[in-house]
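Chemist: Need coordinates for the following:
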Amino acid sequence: MSLDIEHIIVHSLFLDEQGQTQLTTRDQELDTGPAVNDLMGELHHIYNTKAGKVFGYFNDEEDSFRDLVRRVEDESLSFTAFSHQASQRLLNELNRLEMNEAGVLLFVRYQWLGAHYLLIALLDNKDSVTVTDKLDVSHASYLDLGKMQLAARLDLTELQTRPDSRRYFSFIKGRAGRKVSDFFLNFLSCVEGMDPKAQNQGLLKAVDEFCDARQLSKEEKQESKALVNKYCREQLKEGEELEMRELSAELGADNDLDFYQFVSDEYQLEEKFPVDRSSLTGLTKYVGSGGGLTISFDQKLLGERIQYDEHTDTLVIKGLPPNLKSQLLKG
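Modeler: Next up, the predicted model:
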């Protein structure tokens, strides 16, 4: 299904000769067409599938950006004017923190699957070379969407229908060694809310205890975990969130005990949340590291090729991987 672009505009942050960030704004919204539609389709997909997003909500103590959103939503402020004021607000925050950023600043309001979103992204504009139709080599610039590092999306529909939610904002964290909260959260008058990684860790614990509550055999437990793993990876691939009711249907019910009811009674998990790729390993593997040692193996191997003696705290492995054996023999 395609998304419906309602408003879209871009501005530019650049560094002047003194290395200070400056702002150039566009006076009119972009006209939609094949190029703009392709840009937004790719950007939407990349954002949805980007790992490590965090969630948040408006800060009650500082609501200046929220006021801008209110005004553009009730149409007392045009989208262009909104983007100008928001861009200046971002520039002021960068100057206040003495940070330098450059790139294309994009504002877009769009509809996807019945929900309305406001996406704000700072995109890198890269220089490259290309071969023209006349087979000449020429300089070219392009937007490096795959390396998008600073972006936030406001779910306008959730904000309107569930104003007490702690997850109507989502963010892509900043570059390595620096969090987006350095300036992007302040710019958006936002604080962090739901922690997707903690939700995923809670899910793994719930799956383990649900299997124990159903008194499943080792093989049945592994099958159940494999189902959860398969469902989560499919959602991740499609850029969709994990939904507890759907996952419960995948696991099925036993003696009137279904996963959704089990989780609702015992755990503080959201109805839906993003899948954390790194957490999925815990569904099918045992993993541990420390003291210069890293061990990872499929859970189904425990008790077969791999034996654990808790009294001596040792693992016995039968049948080493050939590449590991080769390294050991070489010393």
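
Chemist: what mean pLDDT does the lengthiest strand in the chain have?
Modeler: The strand that spans the most residues within the chain, counting by DSSP state E, is strand 4-15. Strand 4-15 shows a mean pLDDT of 93.

Chemist: strands paired with it, and their directions?
Modeler: Applying DSSP bridges, strand 4-15 is found paired with strand 21-24 (antiparallel), strand 103-112 (antiparallel).

Chemist: Just put the ones you listed in JSON lines and tack on mean neighbour count, mean pLDDT and distance to Leu324.
Modeler: C-beta here means a position set from N, CA and C on the backbone, and glycine is covered the same way. Listed next are those as JSON lines, based on neighbours: other CB atoms under 10 Å; pLDDT from 0 to 100; distance: least, CB to CB, whole Å:
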{"stretch": "strand 21-24", "mean neighbour count": "14", "mean pLDDT": "89", "distance to Leu324": "51"}
{"stretch": "strand 103-112", "mean neighbour count": "20", "mean pLDDT": "93", "distance to Leu324": "45"}
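
Chemist: Now distance to Gly239 too, for the ones you listed, in CSV please.
Modeler: CSV is the format used below for these (distance: least, CB to CB, whole Å):
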stretch, distance to Gly239
strand 21-24, 31
strand 103-112, 11
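
Chemist: Go through these and name the closest to Lys285.
Modeler: The closest of these to Lys285 is strand 103-112. By CB to CB, the value is 34.4 Å.

Chemist: Give me the contacts around the following helix or strand past that closest one.
Modeler: Counting by DSSP states H and E, the element after strand 103-112 in chain order, helix or strand, is strand 115-123. The contact list for strand 115-123, computed with CB atoms under 8 Å, 6 or more residues apart in numbering, reads 6, 13, 43-44, 47, 69, 86, 101, 103-111, 143-145, 148-158, 188.

Chemist: Need the residues that contact the helix ranked longest in the chain.
Modeler: When the chain is parsed with DSSP state H, its longest helix is helix 218-238. Helix 218-238 has contacts (CB under 8 Å, 6+ apart) with 49, 203, 207, 210-211, 216, 241-242, 246-247, 250-251, 275, 277, 280, 283-284, 299-300, 303.

Chemist: All set now, cheers.
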